[in-house]
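>>> following is a predicted model, sequence given first.
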Amino acid sequence: MFYRPEAGHGLPHNPFSAIIAPRPIGWISSRGPEGDNLAPYSFFNAVAYEPPQVMFASTGVKDSLRNIRDSGVFAVNIVAYAQRDEMNRTSASVAHGVDEFAYAGIAKAECETINCPRVAESPATLECVVTEIVALKGGKSHVVFGEVTGVHMRDDYLREGRFELGLFEPLARLGYRDYARISEPFELKRPDDK
């Protein structure tokens, strides 16, 4: 099958997000004039090492994007498989100003380098200062880029100097309503590794 996006795919569900999978979930927390916000974004990833930088894309102007424009900061909370139900609850369309931490029963903690809440029990959290917000073609989506200014990692997921993904099983987004958990990571050495 081949299709041009502008002509449509003719399938009952859009295959685009299923093709680009798995995708990590950035559970984005922010603080704005109306209070704290927490929402999952599956268009999220790291984009650079030095300095460490991440991005996430918002389809539409949501509370997260409004708060981040106002404050200039956000936090990315990594989602463990055990947190899947809480993460899913924070994807609900609730009234503007509702604190999703309270709505979903999630404990929050304060960040260290920015004025922003974080998920207290997240396996890891990246504290970020906005470097750029880009409006994408079509006008409905925006990409937020941020420089990581602080990193939280739970000590119970550190083993011999490594952050062990298999211990908390990160949740990943597939297509449609499908998700996956990373439970059996394996190692491949590059040909030029010594």
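Everything's here; your move.
>>> for stretch 145-163, what is the average pLDDT?
Throughout stretch 145-163, pLDDT has a mean value of 97.
>>> and stretch 173-184, what's its mean pLDDT?
93.
>>> for the spatially most central residue of the chain, give me its contacts.
Residue closest to the average C-alpha location in the chain (C-alpha atoms, centre = their mean): Gly26, at 0.6 Å. The contact partners of Gly26, taken as C-beta atoms under 8 Å, 6 or more residues apart in numbering, are 40-42, 44-45, 54, 56, 76-77. Any C-beta I mention is one placed from the backbone N, CA and C, and that applies to glycine too.
>>> equivalent analysis for Val98, please.
By C-beta under 8 Å, 6+ apart, the contact list for Val98 reads Gly35.
>>> just say helix, strand or coil for it.
Three-state call for Val98 (DSSP: H, G, I helix; E, B strand; the rest coil): coil.
>>> and it, how far is that from Ile133?
Using C-beta to C-beta, to the nearest Å, Val98 is found at 23 Å from Ile133.
>>> tell me what Arg173 is bridged to.
Counting by DSSP bridges, Arg173 forms beta bridges with Arg23, Tyr179.
>>> same check, this time on Arg162
With DSSP bridges as the rule, Arg162 is bridged to Arg159.
>>> tell me where the chain has helices.
Taking DSSP state H as the criterion, the chain carries its helices at 16-19, 63-71, 84-89, 100-104, 165-168.
>>> number of nearby residues for Tyr176?
Using other C-beta atoms under 10 Å, Tyr176 is surrounded by 12 other residues.
>>> I'd say it and His13 touch.
Yes - using C-beta atoms under 8 Å, Tyr176 is in contact with His13, at 5.7 Å.
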